[in-house]
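Have a look at this prediction, sequence included:
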2 protein chains.
Amino acid sequence: MADDVFYMKQALIEAQKAADRGEVPVGAVVVCRDRIIARSHNLTETLNDVTAHAEMQAITAAANTLGGKYLNECTLYVTVEPCVMCAGAIAWAQTGKLVFGAEDDKRGYQRYAPDALHPKTVVVKGILADDCAQLMKDFFKKKR
Amino acid sequence: MADDVFYMKQALIEAQKAADRGEVPVGAVVVCRDRIIARSHNLTETLNDVTAHAEMQAITAAANTLGGKYLNECTLYVTVEPCVMCAGAIAWAQTGKLVFGAEDDKRGYQRYAPDALHPKTVVVKGILADDCAQLMKDFFKKKR
């Protein structure tokens, strides 16, 4: 739990980088044996690519670091509940554990595809949820 | 309908390229105003990346060609029913029309996330379904 908070803070640092670029502020890190092997933040506007969510980049980068495409031994930390696309990717990667901060009632996978994750993936929700949600709220408030 | 068959044949050519590389044979093309603006095939093994499905690459490539990330005016042709991840990406791209060949009862989005697509996306199923399915069957038969 202390570890989960530590790594979620790292994901929040990434989310802040997204906010600073005018991107929807979602950040992610992948941890393998107590080491961060990938860091990423949402880049859909910068890359002009709807698939450039933080989680997608984190999965690609982590696989690249490991030299294998499965993340069974890894934990993916992400500040906001993954969408359907990202949940599908997390499943294909057979991710060992998923930890997310704020829930996303509108676009989160729990609403549209509650069984999308790999059955062996351990899910932990709500770590630093208020901080993660606040970044999103501040972002969308500014946009209005 | 004649057009759908024509473009699905192009997606099948892409799927065959995947098969030739030892990849699960799924191919895709994106068509915008009667022009193919992206072609792709599954590259998960080659790129060591679970996110490298044909559809994901096609969406990224099409957005790159168009210079905008939405594909409202486009049709995505893919030989096999998209998975949850790809359905999510097709939704984010607000894809105008999705045409797929063979259904995928095991991994297709219709099973896990039937409401994942954008409500405005027109869906056409079953174009050259037998040819699309046969490529998959031949591939998995060889693998055994």
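It's in.

Which positions in chain A make contact with chain B?
Proximity of chain A to chain B (Cβ under 8 Å from any Cβ of the partner chain) is limited to residues A:44, A:48-51, A:56, A:59-60, A:63-64, A:67-70, A:83-89, A:91-93, A:112-113, A:115-116. In this view, the C-beta of every residue, glycine as well, is placed from N, C-alpha and C.

Show me those residues that map onto strands.
Judged by DSSP state E, the subset of those located in strands is empty.

Can you pull up the most central residue in chain A?
A:Val78 (2.7 Å; Cα atoms, centre = their mean).

I figured that residue hits A:Phe100, correct?
Yes. Counting by Cβ atoms under 8 Å, A:Phe100 is a contact partner of A:Val78 at 5.0 Å.

before we move on, the earlier item: tell me the buried residues within the residues of chain A next to chain B.
Listed as buried from the residues of chain A next to chain B are A:44, A:49-51, A:56, A:59-60, A:63, A:69-70, A:83-89, A:91-93, A:112-113, A:116; burial here means 16 or more other Cβ atoms under 10 Å in any protein chain shown.

picking that back up, quick one: secondary structure of the residue nearest to the centre of chain A?
strand (DSSP: H, G, I helix; E, B strand; the rest coil).

excluding its backbone neighbours, what's nearest it?
A:Ala28 (4.3 Å; Cβ to Cβ, 6 or more residues apart in numbering or on different chains).

Hmm, A:Val84 and A:Ala116 touching each other?
Yes. Between A:Ala116 and A:Val84 there is a contact at 6.6 Å, judged by Cβ under 8 Å.

Spit out the residues that contact these two alike.
Any residue near both A:Ala116 and A:Val84 by Cβ atoms under 8 Å, 6 or more residues apart in numbering or on different chains counts here, and that gives A:Tyr109, B:Val84, B:Ala113.

and of those residues, the nearest to A:Gly126?
A:Tyr109 (15.5 Å; Cβ to Cβ).

B:Arg35 versus that closest one, what's the distance?
34 Å (Cβ to Cβ, to the nearest Å).

Tell me who's in contact with the residue at the greatest distance from the centre of chain A.
Most distant residue from the mean C-alpha position of chain A: A:Arg144, 24.8 Å away (Cα atoms, centre = their mean). For A:Arg144, the contact set (Cβ under 8 Å, 6+ apart) is empty.

ditto for A:Ala63
By Cβ under 8 Å, 6+ apart, A:Ala63 lies in contact with A:Lys69, A:Tyr70, A:Leu71, A:Ala93, B:Asn48, B:Asp49, B:Val50.

list the contacts for the residue nearest to A:Val78?
A:11, A:14, A:38-41, A:54-55, A:57-58, A:76-79.

Also A:Leu12?
A:Leu12 touches A:Gly27, A:Thr79, A:Gly101, A:Leu128, A:Asp131, A:Cys132, A:Leu135, counting by Cβ under 8 Å, 6+ apart.

If you rank these by neighbours, which is first?
A:Thr79 (32 neighbours; other Cβ atoms under 10 Å in any protein chain shown).

measure that one to chain B for me?
Taking Cβ to the nearest Cβ, to the nearest Å as the criterion, A:Thr79 is separated from chain B by 18 Å.
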